[in-house]
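J.: Build me a structure from this.
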Amino acid sequence: MRDADNELISLAHGALKSNSRVMFLGALADEITIAGRANYVAAGNSEADAARTLTCLNELLIVVIKQIRQEVVEPGVGYPDAAFLEVLQEKAKGERCERFLLKAMHRALGPRPYPGRGYAK
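T.: Just a heads-up that it's a prediction; the model follows:
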């Protein structure tokens, strides 16, 4: 993993420990779904590539949604913070979609296109 990727993971740990935790998780889920949109067959991808990438993104989204459910409605269904990020990385690596996860994290940690939605760094 590159230094920039390690720094990104560190920033994500910080966001999970901040008052912006739920906003970060929501933004991460949003960014993963947007990454999916770019990987449809209709976007020019082969059926095999679309299926592989969309499967991975769906698996990542399941993990993120569990974290959100834990925060909002169902304590105990998600992972401890360190394990949460490790599970995301392992799923992304196993399915070969790490670049989508890293880009989604980067975008989720950055300034949002509407006021008051920056994330702790």
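
J.: center of the protein, which residue is that?
T.: Against the mean C-alpha coordinate of the chain, by Cα atoms, centre = their mean, the closest residue is Leu28 at 4.2 Å.

J.: correct me, but it touches Val64?
T.: Yes: with contacts counted by Cβ atoms under 8 Å, Leu28 reaches Val64, the gap being 5.4 Å. For every residue, glycine as well, the C-beta is placed using N, CA and C.

J.: Going by secondary structure, the residue nearest to the centre of the chain is in what exactly?
T.: helix 21-37 (DSSP states H and E).

J.: in the longest helix belonging to the chain, what's buried?
T.: Using DSSP state H to assign secondary structure, the helix with the most residues in the chain is helix 47-72. Using 16 or more other Cβ atoms under 10 Å as the test for burial, helix 47-72 gives 50, 52-54, 56-57, 59-61, 63-68, 70.

J.: Check which helix or strand Glu74 maps to.
T.: Going by DSSP H and E, Glu74 is not in any helix or strand.
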